[in-house]
Structure formats: C-alpha cells, structure tokens
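Peer 1: Fold the following and give me the result.
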Amino acid sequence: MADKIIQWHPGFAAAIDLELSAYRQDLIYEREYNLNTKPLEIDLLVIKKNEKVQIDNEIGAQFLGHNILEYKSPDDSLDIDTFYKTSAYASLYKAYGKTVDEIKASDITVSIIRNRKPYGLFRYFTENEYRVTNPYPGIYYIKSGVLFPTQIIVTRELDTKHHTWLKSLSDKLEKHEIKQLLEKIEGLSESFDKRLADSILEVAIRANKETVEELIGDESMCQALMEIMEPKINQIVNERTQKILEERNQSILRIVARLRKLGTKDVEIKVILMEDYKLSEEDAENYMKNVPKHKS
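Peer 2: Numbers count the residues shown, from 1 in each chain. Predicted coordinates for the structure are as follows:
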C-alpha cells in the first residue's frame, strides 16, 4: 500500500506542466482552484492565453480555453458519482464568472486522470449507452451524456516514451520504469523543469519503496542515475528518522508523567529512563524537567 504521507497532487500538477512544457508560454496553471468555499476545489485549472493555440499533445489535444483537470491517486475511487461531481465543478466554474456568460460553456473541457482504468465506471457507460472513443492509448473521450468535452486519462495505458511524467505517478512502477524516469530527469537542462521533475521523483520513490530498494542494488544502475535518486532517498530516510525520534521523545515524556502521577519518586524515574531507554543521567534529567510535576 502506498505511504500515507505521499503528496500525489503536487506531483500531478508538475507532471501536467512537464507534459505540456512546449506550450508553457501559452497556458496559465491554477492549482487547487477555489470555486467558492474550501471544499469546492478544482485540482488543476489550465487556461489558454490564446484561444488560437492548438496543443499538439495527446493530453491536451481537446483543450479549449478553460480546462478543468481532476486527479485521482491510486487509492481514490472513480465511479459514476465522482464522474458527475467533476462535471458539476465545471458547471460551477462556468456559473461563477464575473459577469453573466463570461465563460462560455463551449469553451470548457473536463479531464479526469487516474492510474488504473475504472472498469466499474466504463461498465456503467456501456450499460447506459454512453458513446466512448479511444483515440490514443490511455485516453478515452466520453462523447455523450456530458455537458462539456470530457476525457478520462488512464496513465498506466499511456505511451511510456511520450508520457513518462504522468506514468510515473503510480505505486506499481517496475524497475525499468523508474530508470526511464531517472534518465528523463537526467536529460533536463532547465532548472524550473528539474524542480518540477523533483516533485514527481519524490512521489515515485515514496510510492515504490521496495522497487527502489531493489534498484539501488542493480548493477545496471549507472552512477549518474544514482546521484539523481540519492538526495530524495536521503530526504525520505531523514524524515522517517526524525519522526521515529519525535515519537520516542513523546513516549518518554508520557512515561515520566504517568510515573509521577502514580507517585513514583524522581530518583526512581531517572533510573527507569536510564535503564529502559539507554539514556545518560543528564538526558534523563532533561526529559524530567520538561514534564510538570504532578500536584497531589
């Protein structure tokens, strides 16, 4: 199971930016666009600066002026209600224009992105006679039953060569896929692109810990790729070490408070801390100083 502290959405926003990097000057990105109150939030809003710009990329091929993107992490479900909720977000976005009909319905698209294909949702489409086309690997256009041009992007099915960034947002990456990601990062020259790629790499490493560990011992891994991956691994290890230390500190403080409440003398508490937690006398005393004495 993926690590609970994985931040998938920043990685997703970075992946879309890199996927469409050739059009960066023509697009505006609004992350976690707030529709009204905090719970109503679009994961990513992509606005064309110039409506005449045509994106020659499978991900943005049907983009119009205003494009609502909803990302579902590997643990998120994507059923018919989620599908309609995203359409509702697009409707609210249209309705919240500064003036009446400022944003044209004909200028809005919806994209839902998920690693695995939502078979239950596609079964619903079939049973209810929705018309679905599959113009590119991993990209499905919903051609009926929708208010706005809508696509579902299944990142696992995307072409790896052209869509490494989005495909890397997975908790089921194989060793060769992680190597492809590292090689893609190695080929970046712009510092901004490298920072975006760093967000994706962090997600990939956190979500695929066992595979990454196998890759570290892989003789086919060259030093250059290891140097790219090592800082992120060290960061994650340091975070976990810090978390363990914090939990240990809290545990010691709770023990001190409990023993004092039970009437245990401080000199006895100090001995217990030194023996059970292998603390020096000075460290034991410092812990005890941070816990108020129980008032009888």
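Peer 1: Now Glu281. Its backbone dihedrals?
Peer 2: phi -60, psi -40 (degrees, to the nearest 10).
Peer 1: cool, Asp218 as well?
Peer 2: Per-residue torsions, Asp218: phi -80, psi 120 (degrees, to the nearest 10).
Peer 1: Equivalent analysis for Val110, please.
Peer 2: phi -130, psi 130.
Peer 1: Likewise for the one 5 residues further on?
Peer 2: Main-chain torsions, Asn115, degrees, to the nearest 10: phi -70, psi -50.
Peer 1: please begin residue numbering at 10 from this point
Peer 2: OK, 10 is where the count begins now, so the last one is Asn124.
Peer 1: so what pLDDT did it get?
Peer 2: On the pLDDT scale, Asn124 is placed at 93.
Peer 1: next one: the one 10 residues further on
Peer 2: Model confidence at Phe134, expressed as pLDDT, equals 96.
Peer 1: And for stretch 184-198, what's in contact with it?
Peer 2: Stretch 184-198 has contacts (Cβ atoms under 8 Å, 6 or more residues apart in numbering) with 169, 173-174, 176-177, 179, 182, 203, 206-207, 209-210, 213, 217, 220-221, 223-224, 227, 229-230, 233-234, 237-238. (C-beta placed from N, C-alpha, C; glycine too.)
Peer 1: pLDDT of it, averaged?
Peer 2: For stretch 184-198, mean pLDDT rounds to 89.
Peer 1: Show me what counts as buried in it.
Peer 2: For stretch 184-198, the neighbour count (16 or more other Cβ atoms under 10 Å) marks Glu186, Ile187, Lys188, Gln189, Leu190, Leu191, Lys193, Ile194, Leu197 as buried.
Peer 1: Same list (those) but as a markdown table, adding secondary structure.
Peer 2: Formatted as a markdown table, the buried residues of stretch 184-198 follow (DSSP: H, G, I helix; E, B strand; the rest coil):
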| residue | secondary structure |
| --- | --- |
| Glu186 | helix |
| Ile187 | helix |
| Lys188 | helix |
| Gln189 | helix |
| Leu190 | helix |
| Leu191 | helix |
| Lys193 | helix |
| Ile194 | helix |
| Leu197 | coil |
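Peer 1: Which helix or strand contains Asp52?
Peer 2: Using DSSP states H and E, Asp52 maps to strand 50-57.
Peer 1: So which residues of this structure form strands?
Peer 2: 36-43, 50-57, 75-81, 117-123, 141-145, 148-151, 159-163 (DSSP state E).
Peer 1: I'd like those as CSV, with mean neighbour count and distance to Arg257 appended.
Peer 2: Formatted as CSV, the strands of the chain follow (neighbours: other Cβ atoms under 10 Å; distance: least, Cβ to Cβ, whole Å):
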stretch, mean neighbour count, distance to Arg257
strand 36-43, 15, 35
strand 50-57, 20, 37
strand 75-81, 24, 36
strand 117-123, 23, 38
strand 141-145, 14, 51
strand 148-151, 20, 49
strand 159-163, 23, 43
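Peer 1: what's the closest of the ones you listed to Gly106?
Peer 2: With Cβ to Cβ, the closest approach to Gly106 among those belongs to strand 75-81: 9.8 Å.
Peer 1: Domain map for this structure?
Peer 2: 17-230, 245-298 (automatic domain parsing).
Peer 1: Quick check: longest helix in the chain by residues?
Peer 2: In the chain, taking DSSP state H as the definition, the longest helix is helix 232-270.
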